[in-house]
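Participant: could you look at this predicted model? Sequence included:
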Amino acid sequence: MAKSKTNSYRNSSLGDRIFDICNTIFMILLVIVTLYPFLNMFALSFNEANDSVRGDIYIWPREWTLRNFEYVFSESNIFFSTFVSAARTVIGTVVSVFCTAMLAYTVSRPEYKLKKFVSVTFIFTMYFSGGLIPGYLLIKELNMLNSFWVYIIPGIIGVFNMIVIRSFIEALPEGLMESAKIDGAGDFITFSRIVLPLTVPALATVSLFVAVYQWNSWFDVFLYNSSTPSLSTLQYELMKMLSTSNTAMSSSSAADAFANAQGNKATVTPTSIRATMTIVASVPIIIVYPFLQKYFVKGMVVGGVKG
Amino acid sequence: MELGKGTVQVGKTAVQLAKSNNTGTSRFKTFFKELSKQKMLMLMSLPFLLWVIVFKYLPLWGWTIAFQKFKPAKDLFDQKWVGWDNFKFLFQEQQFYRVLRNTLVMSSINLVLGFVTAIVLALLLNELRNVFFKRTVQTISYLPYFISWVVAANIVQMALAPEGIINVLLVKAQLIDHPILWLGEGKYFWGILGVTEVWKNVGWNTIIYLAAITSIDPSQYEAAEIDGASRLQRMFYITLPGIKPVIVLILIMNLGHILESGFEAQYLLGNGMNLDYSENLDIFVLKYGMQMNNFGLATAAGMFKTLVSFIFLIAANNIAKRMGESRLY
Amino acid sequence: MRTKKWLQTGLAAVMASALLIAGCSGGNNGNKNSASGNDGEVSTEPVTFTYFGFGANKDTMASDTTIGKKLQEQTGVDWKMEYVVGDGSTKSGVMIAGGDYPDVISPVGELAKLLDAGAYIPLNDLIEKYGPNIKRVYGDYMNKITNEDGNIYILPFTANVNGYLSPPDPSSTFWMQRRVLKEFGYPEVKTLDQYFDLIEKYQAKYPKVDGKDTIGFATFAGTAGEFFTITNQPMHLAGYPNEGGVLVDMESHEAKLYQGTEDEKRWLAKLNEMNGKGLVDPETFTANKDQYLAKLTSGRVLGYVNYSWQINDATNNLRSAGNDDLRYVALPIVFDEGIKDAYVDPPSFVNNRGLGISVSAKDPVRIIKYFDNLLTDENQKLVEWGIEGETYTKNAEGRMVMSEEQLTNRNDNDFKRKFGFAYFDYEWPRYGDNSVYDDGNAHVPFNQPEVAAINYTEGDKTLLEKYNLKTFSDFYAEPVERPWYPAWSIEKEPGSPEQLFSQRAGDLQQKYYPRMVLAAPGQFEKVWSEYLAEYNKLDAKGYEEFMTNKIKDRIDGKW
């Protein structure tokens, strides 16, 4: 079968060429605008904190220093918490994507009698929440406080992701599932052997969503696991650092200043810590991206399906 | 396995097939009879149904807080019950209608602008010929998503300052005479917020459409090429219809979030001068609910939001159904 | 137990069938290494308790710090110290709902909620039995630390012993760049008009610095969280200390709000007038903190209004840049010549910040003994000054002093953490900041004049010389005793009309201040009356009554 690519058209007309040029210029502008914040964070993270207070740091440090990174990495728990972050990202993503896809498959089956009931039951949950305290009490009653599972189980199903995967499954040729049935395959076999491989772009997309969510989470650590250092995550450690460097800011009442009276010399400032933690926390997850990207940036799939 | 290539109809929902019009008890009988044949499907979905009931529906007892002068230390039965007081406070507060207006306007702007730009960017990215360039642009365009709002707002504030880049450029281009205090005028706030949201999220929002584009059958492009269709024509007549089902689905889901206009951006970019336009429902709830330990008010506002969400969600889904588009359920 | 019974049973039923989940939940409930012994016998058996602070700090084990280690050697007690991250009220909310507390809690702003929830145990008997030092330190303050129900729940941080020592370097909120004072021969600047006149004259003379326009006056009113910077000033200008919204009459003890009064109007009218002259930074109400600090460090600003702790990053930066002309000095500015300034805090007792023992504590006796041991002269010196020969020295006259290096360390955040100052010099039962030891040394190093003097630069010394002053505190009037001070620590009940009033009144200020300051000169009166009309719809009377009553209670000894 022809492995056709969208970029193989070579018969450009004048209009097409103008379009290409405009498009490329637009993309370059877009790159400039969207790359800037990261360059800015890079510059601030390598710039001496006290000097950054003066402002006017854009894309290049003025007074180079590694002090900000030293400060961040001096936290003894930072490496282990990175490991916990990685673990929750990998396990959380695999479990959630698999379960979500399985559920999506069942609600994509037109003959399934509970299809609509299950769909609606899940979809509605996107629009309400019982609130913080009931949520906390639930986790407590389930004995999941101070456990790793609190990172995984409450997020097993992502409803938005379920809808995305469902729409991809529904877009698959109907004959596919029919013929599998005729071959005697049960639903689980059809799902795992036929549907999963064919919905790779959707799964890659959803994996990215879940992975980024897992990697960036810190509020659940704060709420449920804050007294167990061995379950702390990278983002939570960084949040702690930020909140410590913020001491002066945290006293919203003027008179609370009493507590942090005398001028202590700032070796790090909230601004420089925030820049450094942006770099430290986002670089790993950004590196993962290109590996997933290939599944949904290049044209592929249906054309490539063989028996 | 021989596959029907070229016959892919994206988003074809086949529910219509299974509609039998039996009546009375026999309908139930056939229902359960057929259901009992679907043991595997049930096994694959019911554990999750249990999960959703425990994790999402059970905590809804928390809604009772809306009718209490809630104190976290007390048992449900020892709470002071206040009836509809929290709702009354909400709806009688004159600020409420202002923040409701701001919420609706800002989330509509975000919805439309965010939607259109993400789709357009996905289409344009898809038209880039050089795969490396395409991937690079795409990777970079989603980077701002990883920047916290504090940082993003800071950059926006710097850019919009009297001596910031926007004013400098506009003055140089002689579009304005004096620098404008962009964040000091309420009337600009909605626009600034809309553009900021796009800048921060457009790359990220594109991903889902790019994934959808991959499922379009390439033979359609080949056929179009033979017919001599231009790039723009191919975009409009193949790519766009190809991802329409996904677009419609996401549109419906987002309409349900019509009262969620975000919180951090408004909070950080808002100030005394643009207050009348920047303050939204979430900020109001923070000020009069959370910061004052009034959980009841916060819960009441949450319930109000849920109600509005359901109205929008159901309406949008029904319209999509009428128009024969893909729908949520 | 405070968990909902029916929820529990309901859950159990669901759980029974939910193998999926049950199989996975294996969390242990953490620190259940119950310390044996409720007998109260002195024990130095090693034990670890948990400490939770609602202030910001880095989590640690007490024994990882020098001070914590020393205290552990004395008592056998170690602490697992945890601090809040993010929003304190969220944390206290779930803590209360869950009913699991750490052994001791420093509640900061969450006290009312935690008390309401019955999170603390009464300390009265424990203090009576095991706390001779606690009694010595808090004896004079018993009525102030006793709750309405007759119980003591927390031990505050501000119990001064052995007299009262004012800090040598207090500051007002009105700062002026030193080159301005230099230019005009170090004149005396006392009133608001004089302050702005000087700025105006200087700017007329030097409109630019390094090619950029000078900014006459700036203040930080860009974010809701620190809007008090601009709204607090009428209080200071009228000669009152920071009481949080009200002025308390010295004779009648009536609390009067200054919002909507002539004082507030005068302040705003002045700003409006200065804005008309182009002296007020147009970004006053829109800049964020980073932008504001950058502006201050640029040296372009001639005068600004801030509490010193808000802008430490900028002042430190200017100081290390070494150009004393571009640095600032805070001046005792008031409305009129006749007003006595009140920038130096009067002796105060903050009774809503403190440390208490929670109902979950396994061994309150051990804990109270630890507290008591902490309150010896010796250990108080340890937590503030550290170890003689290491972090401070004694000179021939027996005065405790520090070398420059020791002072740098005492100010360095990393060192403070490692040594333990950052964990033990506050948020524990302690001598108040203004305390004096029997030997005449100050309890807090920075209150020791010898220590403060080390920090003075040449420029500081010149400036003080020109004004014929020894320390910066000499700029200011002696504080006057206000037995109720500070009124801001009066707790308002969550969701009460008083709290609602504060919020609404604050909303109005945030909305109208920019309009009034930036109004065209002729328009000010109009916007002011609009503001006043809105403000008058609120129940200011009720709020004042509430505050007056509370203040009178305090004077009567009911804190």
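Facilitator: Thanks, I have it.
Participant: what is the burial count for the closest residue to chain C within chain B?
Facilitator: Nearest residue of chain B to chain C: B:A73, at 3.1 Å (Cβ to the nearest Cβ). Heads up, the C-betas are built off the backbone N, CA and C, glycines and all. Neighbours of B:A73 under the rule other Cβ atoms under 10 Å in any protein chain shown: 17.
Participant: which residues touch the residue lying closest to it once chain neighbours are set aside?
Facilitator: Using Cβ to Cβ, 6 or more residues apart in numbering or on different chains and skipping the chain neighbours, the partner closest in space to B:A73 is C:A117 (3.1 Å). Contacts for C:A117 (Cβ atoms under 8 Å, 6 or more residues apart in numbering or on different chains) come out as B:71-73, C:96.
Participant: from what I can see the residue of chain B closest to chain C touches C:I96, true?
Facilitator: Yes - counting by Cβ atoms under 8 Å, B:A73 touches C:I96, with 5.1 Å between them.
Participant: quick check: neighbours shared by those two?
Facilitator: C:117, C:119.
Participant: show me which residues of the stretch 101-250 of chain B are close to chain C?
Facilitator: Residues of the stretch 101-250 of chain B lying near chain C by Cβ under 8 Å from any Cβ of the partner chain: B:153-154, B:157-158, B:161-162, B:181, B:183-184.
Participant: does C:E183 touch C:Y202 like I think?
Facilitator: Yes - using Cβ under 8 Å, C:E183 is in contact with C:Y202, at 5.9 Å.
Participant: count residues in the vicinity of A:Q235, would you?
Facilitator: 22.
Participant: and if you look at C:N352?
Facilitator: For C:N352, the count of nearby residues is 17 (other Cβ under 10 Å).
Participant: and if you look at the one 5 residues further on?
Facilitator: The number of residues packed near C:I357 is 27, by other Cβ under 10 Å.
Participant: which residues in the stretch 201-329 of chain B form helices?
Facilitator: Ranges of helices in the stretch 201-329 of chain B, per DSSP state H, counting those that start in this stretch, are B:218-226, B:231-234, B:240-255, B:264-269, B:275-278, B:281-288, B:295-322.
Participant: tabulate those helices in CSV, adding columns for mean neighbour count and mean pLDDT.
Facilitator: Converted to CSV, those look like this (neighbours: other Cβ atoms under 10 Å in any protein chain shown; pLDDT from 0 to 100):
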stretch, mean neighbour count, mean pLDDT
helix B:218-226, 16, 86
helix B:231-234, 16, 86
helix B:240-255, 20, 92
helix B:264-269, 21, 92
helix B:275-278, 21, 93
helix B:281-288, 22, 90
helix B:295-322, 19, 93
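Participant: redo these as CSV? Include distance to C:W309.
Facilitator: As requested, these are arranged in CSV below (distance: least, Cβ to Cβ, whole Å):
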stretch, distance to C:W309
helix B:218-226, 64
helix B:231-234, 60
helix B:240-255, 44
helix B:264-269, 22
helix B:275-278, 26
helix B:281-288, 24
helix B:295-322, 31
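Participant: and those helices as a markdown table, adding distance to chain A?
Facilitator: Listed next are the helices of the stretch 201-329 of chain B as a markdown table, based on distance: least, Cβ to the nearest Cβ, whole Å:
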| stretch | distance to chain A |
| --- | --- |
| helix B:218-226 | 4 |
| helix B:231-234 | 5 |
| helix B:240-255 | 6 |
| helix B:264-269 | 13 |
| helix B:275-278 | 19 |
| helix B:281-288 | 12 |
| helix B:295-322 | 4 |
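Participant: which secondary element of chain C has the worst mean pLDDT?
Facilitator: Sorting the helices and strands of chain C by mean pLDDT, DSSP states H and E puts helix C:19-22 at the bottom, at a mean of 34.
Participant: distance of B:F70 from chain A?
Facilitator: Distance from B:F70 to chain A, counting by Cβ to the nearest Cβ, to the nearest Å: 9 Å.
Participant: just confirm that residue contacts B:A298, I think it does.
Facilitator: No - in this structure, B:F70 is not within contact of B:A298 by Cβ under 8 Å, at 9.3 Å.
Participant: ok, the residue positioned nearest the centre of chain B - contacts?
Facilitator: In chain B, the residue lying closest to the centroid (Cα atoms, centre = their mean) is B:N254, at 3.5 Å. Each residue near B:N254 by Cβ under 8 Å, 6+ apart is listed here: B:111, B:115.
Participant: do the same with C:N143
Facilitator: Per Cβ under 8 Å, 6+ apart, neighbours of C:N143: C:557-559.
Participant: just the closest of those residues to chain A, please.
Facilitator: C:W559 (16.3 Å).
Participant: which residue does the stretch 1-150 of chain A have closest to chain B?
Facilitator: A:G130 (2.9 Å).
Participant: tell me which residues in the helix or strand hosting A:I133 are buried?
Facilitator: Using DSSP states H and E, A:I133 maps to helix A:132-141. Residues of helix A:132-141 classed as buried: A:132-141 (neighbour count, 16 or more other Cβ atoms under 10 Å in any protein chain shown).
Participant: and it with helix B:295-322, angle?
Facilitator: Interaxial angle, helix A:132-141 versus helix B:295-322 (axes from the mean of the first three to the mean of the last three Cα atoms, to 10 degrees): 90 degrees.
Participant: helix A:132-141 near chain C at all?
Facilitator: Yes - residues of helix A:132-141 are located near chain C by Cβ under 8 Å from any Cβ, namely A:132-133, A:136-138, A:140-141.
Participant: report the two of the residues you listed separated the most.
Facilitator: Greatest spatial distance among these (Cβ to Cβ): A:L132 and A:E141, at 15.1 Å.
Participant: now tabulate the contacts of C:N143 in a markdown table and tack on pLDDT.
Facilitator: Listed next are the contacts of C:N143 as a markdown table, based on pLDDT from 0 to 100:
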| residue | pLDDT |
| --- | --- |
| C:G557 | 80 |
| C:K558 | 80 |
| C:W559 | 76 |
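Participant: got a winner among the residues you listed for most neighbours?
Facilitator: Neighbour counts for these peak at C:W559, which has 21 neighbours (criterion: other Cβ under 10 Å).
Participant: who touches that residue in this structure?
Facilitator: Here C:W559 is in contact with C:143-146, C:349, C:351, C:553 (Cβ under 8 Å, 6+ apart).
Participant: so where's the chain uncertain?
Facilitator: In the absence of a named chain, this looks at chain A. Where chain A drops to pLDDT under 70, the residues are A:1-12, A:246-267, A:297-307.
Participant: nope, chain C please
Facilitator: C:1-42.
Participant: give me the number of residues near C:W484?
Facilitator: Neighbours of C:W484 (other Cβ under 10 Å): 23.
Participant: check which helix or strand covers the nearest residue in space to it that is not next to it in sequence.
Facilitator: For C:W484, ignoring the flanking residues on the chain, the nearest one in space by Cβ to Cβ, 6+ apart is C:R554 at 4.1 Å. Using DSSP H and E, C:R554 sits in helix C:540-555.
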